[in-house]
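Peer 1: have a look; sequence and predicted model below, questions after that.
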Amino acid sequence: METLKSVIRDIPDFPKEGIIFKDITPLLSNPDSFKKVIDTLRDRYKDKGIDQVVGVEARGFIFASALAYALGCGLVMVRKPGKLPYKTYQKTYSLEYGEDSIEVHQDAFGKNQKIVILDDVLATGGTLTACVELVSKNFEVDLVEVGFLIELDFLNGRQKLGDIPIYSMMHF
């Protein structure tokens, strides 16, 4: 993982002063690094019987779609309001500076499907907590795990997710 960590670029003061943004675009543009990420995720979930990989807008889509392809299973997108064309369920959640919402199609999952939710970064945990609540409130699914490329340990987002199984490929 140290090789992968070395490909991630720090951008100071983005998106606002005092934040050090973890830029994954160099990892995505490096075919060996991107392949290593997807292969690692595939190996982790290949024997778990995953039916759907859930990608969280927007960078979660990148990893979730590649993993769904590698596993030979479906992809479900959780998006910002107004982006999905069919009937949706919505979850509004609090942020440190206001509110946001996410949506999923009402027919996204079959009963008792095994799912993994995938996003790029676990920071404060707000978006992923909302995503887990959105899915578990509206569907009878088996949430195998929530996975991340990066976990920012100092923000303690893992605590917000409670006892949900969490996998983070890299820790900063």
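Peer 2: Yes, it's here.

Peer 1: CA atoms for contacts and neighbours, from now on please.
Peer 2: Fine.

Peer 1: so where is this structure shaky, pLDDT-wise?
Peer 2: Nowhere does the chain drop to pLDDT under 70.

Peer 1: nearest the geometric middle of it, what residue?
Peer 2: D119 (1.6 Å; Cα atoms, centre = their mean).

Peer 1: okay, and the beta partners of that residue?
Peer 2: Note on D119: beta-bridge partners by DSSP bridges are F148.

Peer 1: go ahead and confirm it touches V56.
Peer 2: Yes: look at D119 against V56 with Cα atoms under 8 Å: they come within range, at 5.6 Å.

Peer 1: list the contacts for E133?
Peer 2: Contacts for E133 (Cα atoms under 8 Å, 6 or more residues apart in numbering) come out as K91.

Peer 1: no wait, L122
Peer 2: By Cα under 8 Å, 6+ apart, the contact set of L122 is L128, F148, I150, E151, L152, G157, R158.

Peer 1: I'd like those laid out as TSV, including distance to L75.
Peer 2: Shown next, in TSV, are these (distance: Cα to Cα, whole Å):
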residue	distance to L75
L128	17
F148	16
I150	21
E151	23
L152	26
G157	24
R158	24
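
Peer 1: redo these as CSV? Include secondary structure, neighbour count and distance to F14.
Peer 2: Below are the contacts of L122 laid out as CSV (DSSP: H, G, I helix; E, B strand; the rest coil; neighbours: other Cα atoms under 10 Å; distance: Cα to Cα, whole Å):
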residue, secondary structure, neighbour count, distance to F14
L128, helix, 22, 21
F148, strand, 21, 21
I150, strand, 21, 17
E151, strand, 23, 17
L152, coil, 17, 15
G157, helix, 20, 20
R158, helix, 23, 23
